[in-house]
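Asks: this one's sequence-less:
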Ligand SMILES: CC(C)(COP(=O)(O)OP(=O)(O)OC[C@H]1O[C@@H](n2cnc3c(N)ncnc32)[C@H](O)[C@@H]1OP(=O)(O)O)[C@@H](O)C(=O)NCCC(=O)NCCS
């Protein structure tokens, strides 16, 4: 999807984009993308790429936004094929480009892809500032999910 008026384009990221997406991830975390990080990022990319899609928003010079979607397939039952659902994460837009509809455009692409693949559900863990974005896209709070934090954080 291209929005020439707004000066950006949204598309799926591929293997040629790994270094650029690593750079965007480092900017998100306000760090440099040194060789060690790009190497670690590339290993993550290759390890997850068969079950993950990452959409990127491209400005005139570099990546200005991203959305990742990881797909899970349920165990099938007799007469019922394993349905798929997806977890969305790594939703980010460069601060200089916020409130221009870029996250909504990327999420709309990701949701359309999941619908096209006949997935039954998309789940995500919103940051406080992103709640209005997701509400506007039709997401609702779920009372039927539980979490257990294993990293010592409560
Ligand atoms: C949250 C985030 C991805 C939104 O990106 P964005 O491109 O600015 O969002 P959009 O412009 O597409 O916003 C679409 C709608 O979402 C809502 N929205 C987005 N950001 C909002 C904010 N900070 N406060 C209130 N509503 C907001 C608005 O309704 C907005 O529509 P409007 O501008 O016409 O009112 C971006 O602020 C960001 O990267 N934040 C830091 C990382 C983060 O929190 N990611 C989410 C992880 S789950």
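Replies: Received, thanks. Predicted model, so just to flag it, every value in this text is computed and none were measured.
Asks: Tell me how many other residues crowd the closest residue to residue 100 other than its chain neighbours.
Replies: Nearest residue to residue 100 in three dimensions, chain neighbours excluded: residue 6, at 6.0 Å (C-beta to C-beta, 6 or more residues apart in numbering). Quick note: C-beta positions are derived from backbone N, CA and C, even for glycine. For residue 6, the count of nearby residues is 14 (other C-beta atoms under 10 Å).
Asks: And for residue 27?
Replies: Residue neighbour count, defined by other C-beta under 10 Å, stands at 17 for residue 27.
Asks: residue contacts, the residue nearest to residue 100?
Replies: Counting by C-beta atoms under 8 Å, 6 or more residues apart in numbering, residue 6 touches 100, 101, 102.
Asks: tell me, which of these make contact with the ligand?
Replies: By C-beta under 6 Å from any ligand atom, the members of those lying near the ligand are 100, 101, 102.
Asks: would the first one count as being in a helix?
Replies: No - under the criterion used here (DSSP: H, G, I helix; E, B strand; the rest coil), residue 100 is coil, not part of a helix.
Asks: Check what pLDDT it gets.
Replies: At residue 100, the model reports a pLDDT of 97.
Asks: separation between it and residue 19?
Replies: Distance from residue 100 to residue 19, counting by C-beta to C-beta, to the nearest Å: 25 Å.
Asks: can you check the last one too?
Replies: Relative to residue 19, residue 102 is positioned 21 Å away (C-beta to C-beta).
Asks: More neighbours: those two, which one.
Replies: When residue 102 and residue 19 are compared for neighbours, residue 102 comes out ahead with 23 against 12, by other C-beta under 10 Å.
Asks: who's in contact with residue 28?
Replies: By C-beta under 8 Å, 6+ apart, the residues touching residue 28 are residue 92.
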